[in-house]
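**Student:** Here's a sequence, model it:
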Amino acid sequence: MAKRRISTGGKLVMPGLINGHTHTPMTLLRGIKDDVTLQEWLEKYIFPAEARNVTEDFVVWGTRLAALEMIRGGTTTFADMYYFEMPSRAKPRSRNARRARRNHPRFSRAG
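**Tutor:** From the prediction side, this is the model:
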């Protein structure tokens with residue numbers, strides 16, 4: 001028997017969600033273009049937008065926004081795959097006291 005019981009008042013109690021693949025700063029690029037192939041979306045819209053806009057502040061604020069959205073949605077752990085390495089990427093995560101894993105993506109080109 002538990003020493004303390006908490007009444008949830010009909011609420012669901014469950015473990016936190018885990019986002020296994022995210023690019024947190026890209027939250028600021030939402031809505032740039034829809035209904036095109038992935039390759040077209042990346043090459044014609046996202047890569048040029050990143051080239052024009054990605055700065056350390058962009059990465060910090062995009063990561064903060066993503067973290068807030070994940071907290072609100074019940075995500076407690078995430079693996080970030082954003083490929084612009086900046087020391088500032090760790091700051092928003094530590095401020096939100098969450099579990100995060102910064103990954104280092106690798107790219108290769110066929111043939």
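
**Student:** Does anything pack onto the strand or helix carrying Arg64? Which helices or strands?
**Tutor:** Using DSSP states H and E, Arg64 maps to helix 56-73. For helix 56-73, the packing partners by 3 or more Cβ pairs under 8 Å, 6 or more residues apart in numbering; DSSP states H and E come out as strand 17-22, helix 90-95. For glycine as for every other residue, the C-beta is placed from the backbone atoms N, C-alpha and C.

**Student:** helix or strand right after that helix?
**Tutor:** Assigned by DSSP H and E, the successor of helix 56-73 is strand 75-80.

**Student:** Give me the buried positions along that next one.
**Tutor:** 75, 78, 80 (16 or more other Cβ atoms under 10 Å).

**Student:** and it, what does it pack onto?
**Tutor:** Strand 75-80 is packed against strand 17-22, strand 99-102, with contacts defined by 3+ Cβ pairs under 8 Å, 6+ apart.

**Student:** which stretch in these has the least confidence?
**Tutor:** Ranked by mean pLDDT, those bottom out at strand 99-102, with a mean of 61.

**Student:** CA atoms of stretch 51-68 as CSV?
**Tutor:** Only the C-alpha atoms of stretch 51-68 are listed here, as CSV (Å, rounded to 0.1, in the frame of the first residue of the first chain):
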residue,chain,number,x,y,z
ALA,A,51,21.0,29.8,-45.4
ARG,A,52,19.3,33.2,-45.0
ASN,A,53,18.0,32.9,-41.5
VAL,A,54,19.9,30.5,-39.2
THR,A,55,21.9,32.3,-36.6
GLU,A,56,22.7,31.5,-33.0
ASP,A,57,19.5,33.4,-31.9
PHE,A,58,17.4,31.5,-34.4
VAL,A,59,18.7,28.2,-33.0
VAL,A,60,18.1,29.4,-29.4
TRP,A,61,14.5,30.7,-29.9
GLY,A,62,13.5,27.8,-32.2
THR,A,63,14.7,25.3,-29.6
ARG,A,64,12.9,27.2,-26.8
LEU,A,65,9.6,27.2,-28.8
ALA,A,66,10.0,23.5,-29.6
ALA,A,67,10.7,22.6,-25.9
LEU,A,68,7.7,24.5,-24.7
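
**Student:** I am finished for the moment; much appreciated.
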